[in-house]
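A.B. asks: make a model of this:
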Amino acid sequence: MSQTILLVEDNTDDAELFARSFHRTYANVSLPTVSDGEAARDYLAGNGPYADRSKFPLPNIVLLDVKLPRLSGFELLSWIRQHPQLRRLLVVMLTSSRESVDVRRAYDLGANSYLVKPIALADMQQLASALGLYWLKLNEAVPAGTTP
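C.D. replies: Take a look at the predicted model:
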């Protein structure tokens, strides 16, 4: 079964670093990237340029930055949890914020995990590898898009 992770990240350097690190271990996993919250919402809803689900399948996991243009990570997470077909979607906050208020808010809104982006390449590779191992291989998840 093909797996997809939607990376929602507005910093192109961080997005490239994560993608490179992740694909070193999980080359067969699709990692589409969008750079703002509205584009992520359109992707998840299958709107506009993302209407073709054969090209833009529902992801198994969303990696979501907190601080995004147009629609924040918190606003997107809240939107996801309000939609029956998406509310069980795995959402991992992947952000540079260590603020306890952000961590609490993410979990209150229904995040499945909260990870702080490492700065060093080796640390990012370790995080990407561990993230894939846990969420893609070990975790039992409800398939994306299934109704409650």
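A.B. asks: buried ones in stretch 39-50?
C.D. replies: Buried residues in stretch 39-50, counting neighbours by 16 or more other C-beta atoms under 10 Å, are found at A39, A40, R41, D42, Y43, L44, Y50. (C-beta placed from N, C-alpha, C; glycine too.)
A.B. asks: contacts for that stretch next, please.
C.D. replies: With C-beta atoms under 8 Å, 6 or more residues apart in numbering as the test, stretch 39-50 has contacts from 6, 8, 32, 34, 53, 56, 58-59, 62, 64, 68, 70-71, 76, 79-80, 86, 89.
A.B. asks: the longest strand in the chain is where?
C.D. replies: strand 90-95 (DSSP state E).
A.B. asks: by contact count, what packs against that one?
C.D. replies: Under the contact criterion of 3 or more C-beta pairs under 8 Å, 6 or more residues apart in numbering; DSSP states H and E, the helices and strands touching strand 90-95 comprise strand 61-64, helix 73-81, strand 113-116.
A.B. asks: strands - which of the buried residues of stretch 39-50 land there?
C.D. replies: Per DSSP E, the buried residues of stretch 39-50 never map to strands.
A.B. asks: good, we can wrap up now.
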